[in-house]
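> Give me coordinates for this.
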Amino acid sequence: MIYTVTLNPSLDYNIKLSEFKEGRLNTIVSQYKTAGGKGINVSQVLRNLEKDSIALGYIGGFTGKYIEKNLKEKNIKCDFIEINQDSRINVKIKSEKSETEINDKKLKISESEKKELFLKIKSLKKDDILVLAGSVPTSLEEDIYAKLSEIVDEKVKIVVDTTGKYLVNSLKYNPFLIKPNYFELENIFGVKLKDEKDVIVYGKKLLEMGAKNVIVSMAGDGALLINEKDILKAMVPKGTVKNSVGAGDSLIGGFLSAMEEDKELIECFRIGVASGTATAFSDELCKKEEIEKIKKDIIIKKL
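Here you go, the predicted model:
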């Protein structure tokens, strides 16, 4: 089973405008509400690809109830811990020229609530997959993902998709897959990447620090998969980017869906990149038919 952990779920209010006018009245062209957060997005993409997962994390208040109801309506299994706070509302404003995000403050998690999550994670079995994704409440320690990684069976595959110190601290537990983007890689090492060669150099440093597979997403320039055996580059087709939110999460969801079918690593990478690209070209998270359509245009070469 695949378990996704979202420590900071949100109710995402997605607004589409013809044009965003700062300081003036804006009229909505269309809108929709959905459960959000990186791990939750992975679960949603897995469901779109007809794969099961269980969404873990913290929810609370009327927004938390909406998040759980929204996921269950999509046949996504949930095992959230309910807390005495309202889950966040994040506003995503999209116009023809720009995307603007307004994110709510993070939850405060108590020691007893933290221990409850640890008990759930500790119950994972051999060959399960644990996805640790997204931001961390400031009330939790900087090595929370590392501690969650430490308590699972060594045969559980761990996927970590977060930033900075939260990612770096988890590397000593040898995550199966991590997915920094180009800018996150720069921030981790405090460097300015000049070209693809630099991306490979610093991607390999993440292998040396403990990761088994590193995918670096590079937006329109595709993605690199780096491990001890291979360096693969996926080139993506040109298209109109409508939605950058959730593209990286979709890559992970697509990759894991292919893993569930025991596909070769190169094919997992292809389907993952196709999923991320399909989301970028869509108004919402990718659908199976969109992924299938784009998959044939994903060119992968060994470097």
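> Find the nearest non-adjacent residue to Leu49, please.
Nearest residue to Leu49, sequence neighbours excluded (C-beta to C-beta, 6 or more residues apart in numbering): Ser257, at 4.1 Å. C-beta here means a position set from N, CA and C on the backbone, and glycine is covered the same way.
> Check Ala274 too.
Lys295 (4.1 Å).
> Please apply the same query to Cys268.
Ala258 (4.0 Å).
> show me the contacts for the one you found.
267-268, 270-272 (C-beta atoms under 8 Å, 6 or more residues apart in numbering).
> Please apply the same query to Lys165.
Glu142.
> what's downstream of the helix or strand it falls within, the next helix or strand?
Element membership for Lys165 (DSSP states H and E) is helix 164-170. Per DSSP H and E, the first helix or strand lying C-terminal to helix 164-170 is strand 177-178.
> Mind giving me the packing neighbours of the lowest-mean-pLDDT helix or strand in the chain?
Ranked by mean pLDDT, DSSP states H and E, the weakest helix or strand in the chain is strand 99-102, scoring a mean of 87. Helices and strands touching strand 99-102, by 3 or more C-beta pairs under 8 Å, 6 or more residues apart in numbering; DSSP states H and E, are strand 88-94.
> avg pLDDT for the strand it packs on?
Across strand 88-94, pLDDT averages out at 91.
> Next: stretch 17-35.
Here the average pLDDT along stretch 17-35 is 91.
> Report how many residues lie close to Gly134.
26 (other C-beta atoms under 10 Å).
> my bad, Lys293
13.
> so it, which of the three states?
Here Lys293 is recorded as helix under DSSP: H, G, I helix; E, B strand; the rest coil.
> And it, how far from Glu267?
Counting by C-beta to C-beta, to the nearest Å, the gap from Lys293 to Glu267 is 17 Å.
> again, but for Lys97
For Lys97, the distance to Glu267 - C-beta to C-beta - is 37 Å.
> So these two - more neighbours on which side?
The residue with more neighbours, out of Lys97 and Glu267, is Glu267; 16 against 9, by other C-beta under 10 Å.
> How about the more buried one, nearest residue that isn't a chain neighbour?
Ala258 (5.8 Å).
> Now distance to Ala234 and secondary structure too, for the contacts of Ala258, in a markdown table please.
Listed next are the contacts of Ala258 as a markdown table, based on distance: C-beta to C-beta, whole Å; DSSP: H, G, I helix; E, B strand; the rest coil:
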| residue | distance to Ala234 | secondary structure |
| --- | --- | --- |
| Glu267 | 11 | helix |
| Cys268 | 11 | helix |
| Arg270 | 7 | helix |
| Ile271 | 10 | helix |
| Gly272 | 8 | helix |
